[in-house]
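> I would like the atomic coordinates for the input below:
(one chain, ligands or ions: 1)
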Amino acid sequence: MARRYIPVALEQRVRAAAQNRCGYCLSPQHLVMARLEIEHICPRAQGGSDEEENLWLACPLCNGHKSDKTTAVDPQTGQHVELFNPRLQNWSEHFEWSEDGT
Ligand SMILES: [Zn+2]
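So this is what the prediction gives:
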């Protein structure tokens, strides 16, 4: 799919809302060796829009791993579940560090 232009003012609003960190791993821009990317929560390949409410920040690793997916198999239940939505859901309610720090 062809890359579309995200206006600078819109990108700045998304960066501010995301506190300039990845919405998935929470890595801040200053610790990521590449520029955080504007990602589509609902991928354009699935009809997602370029509207602000569908955009968030992601580091290249998280964005590449998420790709055009909106669901994944939960390894604990084997069920297909919706992926985390950084605009609608609370990070700390979905993720936690394990005892071994991973
Ligand atoms: Zn990330």
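> residues in contact with V14?
Contacts for V14 were tallied using C-beta atoms under 8 Å, 6 or more residues apart in numbering; they are I38, E52, L55, W56, L57. No exception for glycine: its C-beta is placed from N, CA and C like everyone else's.
> Most neighbours among those residues, which one is it?
Among the contacts of V14, L57 has the most neighbours (other C-beta atoms under 10 Å), with 27 neighbours.
> so how far is P43 from that one?
15 Å (C-beta to C-beta, to the nearest Å).
> and if you look at P60?
From P60 to P43 the distance is 16 Å (C-beta to C-beta).
> can you point me to the longest helix in the protein?
As assigned by DSSP state H, the longest helix anywhere in the chain is helix 8-17.
> following it, which helix or strand shows up next?
Using DSSP states H and E, the helix or strand that follows helix 8-17 in sequence is strand 37-40.
> wait, does the helix or strand just after that following strand contact the ion?
Later in the chain than strand 37-40, the nearest helix or strand by DSSP H and E is strand 55-58. No. In terms of C-beta under 5 Å from the ion, no part of strand 55-58 sits within range of the ion; the closest distance is 5.6 Å.
> quick revisit: could I get the buried residue list for the longest helix of the chain?
V14, R15, A17 (16 or more other C-beta atoms under 10 Å).
> Stretch 91-102 too?
Buried-residue list, stretch 91-102, by 16+ other C-beta under 10 Å: empty.
> Please apply the same query to stretch 47-66.
G48, N54, L55, W56, L57, A58, C59, C62, N63, K66.
> is it true that the third one touches L36?
No. Under the criterion of C-beta atoms under 8 Å, L55 makes no contact with L36, lying 11.8 Å away.
> which sections of this structure are below the confidence cut-off?
1-3 (pLDDT under 70).
> let's see it at 80
For the chain, applying pLDDT under 80 flags the ranges 1-4, 97, 101-102.
> Many thanks, we can stop here.
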